[in-house]
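Asker: build me a model from this:
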Amino acid sequence: MGATAIPLNPSSTRSHMALLAIYWKETKYEFWKYLRLPLYCLLTIFFPVMFYVLFGLLMNRDGHMGGTSVCAYLIASYGTYGVMGAALYANGVGVATERGLGWLQVKRASPMPPSAYFAAKFAVSMIFSAASVLTLLTLGTLFGGVHFAMATAVQLVLTLVVGAIPFCAMGLVIGCFAGPNSAAAMVNMIYIPLSFASGVFFPIEKLPKFVQSLAPVLPPYHLAQLALGLVGAAKTGPCWPHWQVLIGCTLICLGVAWLGFQRDQGKMYG
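Answerer: So this is what the prediction gives:
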């Protein structure tokens, strides 16, 4: 009798495909949800673009900061601002609101793994981050006289999109601890001061001395320095120390968010 090949573990293959389908569907519907929220799109895409058009294209189109044009400089700095907003609002305000509405309890009761819910939030934040940065790049190229090499442009987009992850984790901390009515205020209290103190709105050299000394402990500073380094507007130096701070921030925030998630689970299930 001829031997028939039998899959070693067909149920394992099916389970992995089913798990991927869950993650995909959760991400897809999360994306459509945020795409239909005008306020979220306004905060994540319109505001960075509005600032860029006003302070870059209209007021300083021919200006320079050191050896870098203002229009190129602001793509990196406002790109950092945009990805922070996309991450903090989706994960901070989004999770807190859904906790308050009881939607997170429904998710817990479903067979879906909790990680799919949070992974979808992260993925959608990164998609909107990419949209924000690509819009700035397009405006700078078409109207600001910015000409990046293709490799530089791709590296800039990837750096900023991956750099959104620490702020997704930071948003989760807010979402897991703040109430639905206070989450937006808490995000604003963190988002705007961190952006200012990290040199996102103004070059770090023009900020007060005590702010300059504080900036290296702030995650947005390190993401901004990575982005500015790619456009030739930051002091040259190794990139790894900046990534170390961002990775450390991510791990710490994920740990704190997990404690908040477990606290809610204890309250509901004892």
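
Asker: my read: Leu35 touches Tyr29, true?
Answerer: No. Taking contacts as Cβ atoms under 8 Å, Leu35 lies outside contact range of Tyr29: 10.5 Å. (C-beta placed from N, C-alpha, C; glycine too.)

Asker: residues touching Glu26, list them.
Answerer: Counting by Cβ atoms under 8 Å, 6 or more residues apart in numbering, Glu26 touches 112, 116-117, 119-120.

Asker: from those residues, which ones fall inside helices?
Answerer: Secondary structure from DSSP state H places 116-117, 119-120 of the contacts of Glu26 in helices.

Asker: per-residue pLDDT, Ala131?
Answerer: We have a pLDDT of 96 for Ala131.

Asker: that one contacts Pro48, correct?
Answerer: No. With contacts counted by Cβ under 8 Å, Ala131 stays clear of Pro48, the gap being 10.4 Å.

Asker: sorry, back to before: need the contacts of Glu26 in TSV (columns: pLDDT).
Answerer: As requested, the contacts of Glu26 are arranged in TSV below (pLDDT from 0 to 100):
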residue	pLDDT
Met112	83
Ala116	91
Tyr117	92
Ala119	95
Ala120	95
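
Asker: just among these, which is most surrounded?
Answerer: Top of the contacts of Glu26 by neighbour number is Ala120, holding 23 neighbours under the definition other Cβ atoms under 10 Å.

Asker: for the chain, give me the ranges with low pLDDT.
Answerer: Counting by pLDDT under 70, the chain shows low-confidence ranges at 1-14, 236, 265-270.

Asker: can you give me the strands in it?
Answerer: Using DSSP state E, the strands of the chain run over 64-65, 68-69.

Asker: quick one: closest of those strands to Tyr221.
Answerer: strand 64-65 (16.7 Å; Cβ to Cβ).

Asker: same for the closest one, what does it pack against?
Answerer: Judged by 3 or more Cβ pairs under 8 Å, 6 or more residues apart in numbering; DSSP states H and E, strand 64-65 is in contact with no other helix or strand.

Asker: paired strands for that strand, with orientation please.
Answerer: strand 68-69 (antiparallel) (DSSP bridges).

Asker: quick one on the thing from earlier: which of the ones in helices among the contacts of Glu26 lies closest to Asp62?
Answerer: Ala120 (43.2 Å).

Asker: and Phe143, how many neighbours?
Answerer: Counted by other Cβ under 10 Å, the residues lying close to Phe143 total 15.
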